[in-house]
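**Q** Okay, structure incoming, though there's no sequence with it:
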């Protein structure tokens, strides 16, 4: 081969490799948007909005939520902010790790809390849209500010998931009860202002 022919062949090979790499990356980034059984679809099939549903204990045969940890009890609650803010509450009934994660309509986690953020024996947060947050802030009293944790959701719909770690197999039932005690319920803006 002549040097110019070899250089041209290497140039085209590099160009094909770059295009193939970019196509691969684009395909990977499109998969979550095109998936039919994404996280929200799985949660949506469990029940209506504002109803806490305890997830089945993880096992090799249960495939509702892949990669679930058998030592963790979990519950989910779907929310819809079109009617106003939603209050999520999770009581702490036992010592040990627990967390709340807030997921958008696409299943992406946009906020998370652990039991270390609990006050008065519970994790508590108000989920709002940017417009609802503006209304709440406009009504806040400067002398007596709200102590609510206000979380702005990137989407109108989403879900909250509580996970509770069981310390031992004997503790699994207690962890499951704690996870199932989580609530998420609409809260009118007048109530949220207090």
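**A** Received the coordinates, thanks. It should be emphasised that the depicted structure is a prediction, and the values quoted were computed from it without experimental measurement.

**Q** any idea which helix or strand carries the residue sitting nearest the centre point of the chain?
**A** With distances taken as Cα atoms, centre = their mean, residue 103 lies nearest the centre of the chain, 2.4 Å away. Per DSSP states H and E, residue 103 falls inside strand 98-104.

**Q** and the very next helix or strand once past that strand, which strands flank it?
**A** As assigned by DSSP H and E, the chain's next helix or strand after strand 98-104 is strand 109-114. Taking DSSP bridges as the criterion, strand 109-114 forms sheet pairs with strand 98-104 (antiparallel).

**Q** contacting residues around the strand it pairs with?
**A** 39-40, 88, 90, 92, 109-115, 123, 125, 127, 151, 153-155, 158-165, 178-179, 182 (Cβ atoms under 8 Å, 6 or more residues apart in numbering). Backbone N, C-alpha and C define where each C-beta goes, glycine included.

**Q** Now do the strands in the protein.
**A** Remark: strands assigned in the chain by DSSP state E are 52-54, 72-80, 86-91, 98-104, 109-114, 122-128, 150-152, 157-165, 183-186.

**Q** Any chance of those in TSV with mean pLDDT as columns?
**A** What follows is the strands of the chain, written out as TSV (pLDDT from 0 to 100):
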stretch	mean pLDDT
strand 52-54	91
strand 72-80	92
strand 86-91	94
strand 98-104	94
strand 109-114	93
strand 122-128	93
strand 150-152	94
strand 157-165	93
strand 183-186	93
